[in-house]
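> this is a predicted model, with the sequence first.
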Amino acid sequence: MKKGFSIIVCCYNSSELLKDTLRSLCSLITSDDFSAEIIIIDNASTDSTSDFAQKLLNEFKCPFDFRIEYEPIQGLSYARKKGIEISAYEYILFCDDDNRLNENYLLNSFSIMENNSEIGALGGVSEPVSDVAFPEWFEDFKQSYSAGKQSDSNGEIKSELHSLWGAGMVLRRKAIEDLYKNGFHSLLSDRTGNALSSGGDTELCYALRLAGWKIWFDDSLKLRHFLPGRRLTWNYLRELNRGFGRQKINFDAYLKNFSSNGKEVMNKDTDWTKRFFFMIKKMRSYGFRKIINFRNHNTGDPEIIRMEKTIGCMQELLRLKNEYGKMITETGKSRWIRHK
């Protein structure tokens, strides 16, 4: 296994975003101890993403080996898995097409991962940047955009509920390969085309934690996350959070198995109707006035965002009602889980 990093950049119609991203990757500093490769995964783009990426990497005189591969099945989880399968280095780094990594990102990541062999996934700080002024409400909701610090302190993120976002995430190859080797498969397709679905990064962190690996944060890892103006609207944020609600139901397969601590999950914990009626009760708690005014713009109201997540949860529960319990119990029987 080669010492260093396989940097995986998954793209869907990314021509407008790639220039600054690839420029930053070509400027990353390595040392005599390790090197890197860049893998571009074209996830069924309909523009000239692959040709443009090739042109840019040549133009920037990329100091690393690079390759561009095509993944016909749309979905970020599929694209990332393809990148992992064809990568060659000990550490895997997910760089989104709108991320600009600090030049010391690899140096700092290498030191942290080499000094703690129990880390399965590592993340840092994301600074939001845009070509427009940020709206007044942005600071309160920046975590929805994978922006800011992912933990209050450096070190292991011990809370089972907390994970890392995929932007700038570093994975230990052994950790992720052991998951797949022992039958892990994603319950989510993650972001698909222009659809606002996501969650594959959270799912991966939950799976790694169940498999016995540590999830780690360090603020020496810094990147800039570019957010175009079209994503900085209140309606976009609402739709984004409804998607978060939908994905949250799939995470029950992991979270309920954390709480079971290796014991069989009780039938009542796998009953989708119990979960659904809890969400109805939660909706009622927002109050009649809030519910009837829900379709109004309500810019900046955090309760509206919480309601969007609740609605997303209910929609997904209805979709998965025949599979919900099975999803939880089968995950609990997985060979990749290391019970305490």
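Structure received.
> ranges for the helices of the stretch 151-300 of the chain?
173-181, 200-210, 234-260, 272-285, 288-292 (DSSP state H, counting those that start in this stretch).
> just say which of those is most tucked in.
Ranked by mean neighbour count, those are led by helix 200-210 with a mean of 24 (mean count of other C-beta atoms under 10 Å). To be clear about C-beta, it is placed using only N, CA and C from the backbone, and glycine gets the same treatment.
> so which of the helices of the stretch 151-300 of the chain comes closest to Gly300?
Closest to Gly300 of the helices of the stretch 151-300 of the chain is helix 234-260 (C-beta to C-beta; 7.5 Å).
> what is the closest one packed up against?
Packing partners of helix 234-260 (3 or more C-beta pairs under 8 Å, 6 or more residues apart in numbering; DSSP states H and E): helix 200-210, helix 302-319, helix 324-332.
> contacting residues for Phe34?
3-5, 106, 110 (C-beta atoms under 8 Å, 6 or more residues apart in numbering).
> in those, find the pair that's most separated.
Lys3 and Leu106 (11.4 Å).
> with neighbour numbers in mind, choose between these two.
Using other C-beta atoms under 10 Å as the criterion, Lys3 and Leu106 rank with Leu106 on top: 25 against 13.
> in contact with that one, which residues?
Leu106 sits in contact with 4-5, 28-30, 34, 36, 93, where contact means C-beta under 8 Å, 6+ apart.
> leaving out the residues flanking it, which one is nearest to it?
With sequence-adjacent residues excluded and distances taken as C-beta to C-beta, 6 or more residues apart in numbering, Leu106 is closest to Leu28, at 5.1 Å.
> and the angle from the one helix or strand Gly83 maps to to helix 200-210?
Using DSSP states H and E, Gly83 sits within helix 76-86. Computed by axes from the mean of the first three to the mean of the last three C-alpha atoms, to 10 degrees, the angle separating helix 76-86 from helix 200-210 equals 60 degrees.
> so for helix 76-86, mean pLDDT?
For helix 76-86, the mean pLDDT works out to 91.
> how about it as PDB, C-alpha atoms only?
Taking C-alpha atoms only, helix 76-86 is exported to PDB below (Å, rounded to 0.1, in the frame of the first residue of the first chain):
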ATOM      1  CA  LEU A  76     -22.600  10.400  -4.600                       C
ATOM      2  CA  SER A  77     -22.300   7.100  -2.600                       C
ATOM      3  CA  TYR A  78     -21.800   5.200  -5.900                       C
ATOM      4  CA  ALA A  79     -19.300   7.700  -7.100                       C
ATOM      5  CA  ARG A  80     -17.200   7.700  -3.900                       C
ATOM      6  CA  LYS A  81     -17.300   3.900  -3.800                       C
ATOM      7  CA  LYS A  82     -16.000   3.800  -7.400                       C
ATOM      8  CA  GLY A  83     -13.200   6.200  -6.400                       C
ATOM      9  CA  ILE A  84     -12.200   4.100  -3.400                       C
ATOM     10  CA  GLU A  85     -12.100   0.900  -5.500                       C
ATOM     11  CA  ILE A  86      -9.600   2.300  -8.000                       C
END
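> and the very next helix or strand once past that helix, what does it pack onto?
Following helix 76-86 in sequence order, the next helix or strand is strand 89-94 (DSSP H and E). Strand 89-94 sits against strand 2-11, strand 35-42, helix 76-86, helix 105-115, strand 170-172, helix 173-181, with contacts defined as 3+ C-beta pairs under 8 Å, 6+ apart.
> run the last query once more with 10 Å
In terms of contacts (3 or more C-beta pairs under 10 Å, 6 or more residues apart in numbering; DSSP states H and E), strand 89-94 is packed against strand 2-11, strand 35-42, helix 76-86, helix 105-115, strand 119-129, strand 170-172, helix 173-181, helix 200-210.
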